[in-house]
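Trainee: need a structure here:
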Amino acid sequence: MAEIKADLHQHNPELLDMAVRWVGNGAEAAGLMAAFGMFYRLLASEADALMGSSALNPLPRVSIEVREAIVKRIDQTDGETFTREAIDNLEVVNPELLQMAHGYASRRSDYGRTMQGFALLHEALLIQSRRDQAGRH
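Mentor: Below is the predicted model of the structure:
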């Protein structure tokens with residue numbers, strides 16, 4: 001996990017900060033951070049395979065603007081609506097990853113919070129990816 005944190009600290013600090021805030025400092029923090037690490041690695045592996053390259057950082061770097069847009073969206077709706085929409089997006093884009101997240105979260109007493117974190121992190125990467133693609137065209 002230290003390697004993933006170091007990579008994120010250097011290449012995707014906004015995403016790392018979001019993950020750290022989601023994980024918190026409770027007794028379950030290490031387990032949640034390990035789950036985030038697996039989630040992140042699966043996304044990175046999939047992105048790498050789709051790109052057909054061995055890019056060191058195939059996932060988009062989440063910008064402060066994307067993070068602020070997500071906070072604004074949550075404030076305008078509510079956390080539950082945002083989470084539901086983000087999970088719907090995850091289901092469309094990557095149903096296997098959603099199934100993995102659900103499997104992990106269903107073994108936890110805080111299922112909703114766990115799924116909310118996975119959905120938030122995926123949504124941040126999805127929004128950033130779409131913005132990056134739109135900027136290239």
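Trainee: Please count neighbours and contacts with C-alpha atoms only from this point.
Mentor: OK.
Trainee: Contact partners for the residue sitting nearest the centre point of the chain?
Mentor: In the chain, the C-alpha nearest the mean C-alpha coordinate belongs to residue 121, at 2.0 Å (C-alpha atoms, centre = their mean). Neighbouring residues of residue 121 by C-alpha atoms under 8 Å, 6 or more residues apart in numbering: 15, 18, 19.
Trainee: With respect to residue 133, which of those is nearest?
Mentor: Set against residue 133, the nearest of these by C-alpha to C-alpha is residue 15 (18.6 Å).
Trainee: Look at that closest one and say how many residues are nearby.
Mentor: A total of 24 residues lie near residue 15 under the criterion other C-alpha atoms under 10 Å.
Trainee: Quick check, it in contact with residue 64.
Mentor: No. Residue 15 lies out of contact with residue 64 (C-alpha atoms under 8 Å); the separation is 9.6 Å.
Trainee: helices and strands of the chain: which one has the lowest mean pLDDT?
Mentor: In the chain, the helix or strand scored least confidently by mean pLDDT, DSSP states H and E is helix 29-51, which has a mean of 85.
Trainee: Touching the helix or strand following that one from outside, list them.
Mentor: Moving toward the C-terminus from helix 29-51, the first helix or strand encountered (DSSP states H and E) is helix 64-76. For helix 64-76, contacts defined as C-alpha under 8 Å, 6+ apart pick out 14, 81, 82, 124, 127, 128.
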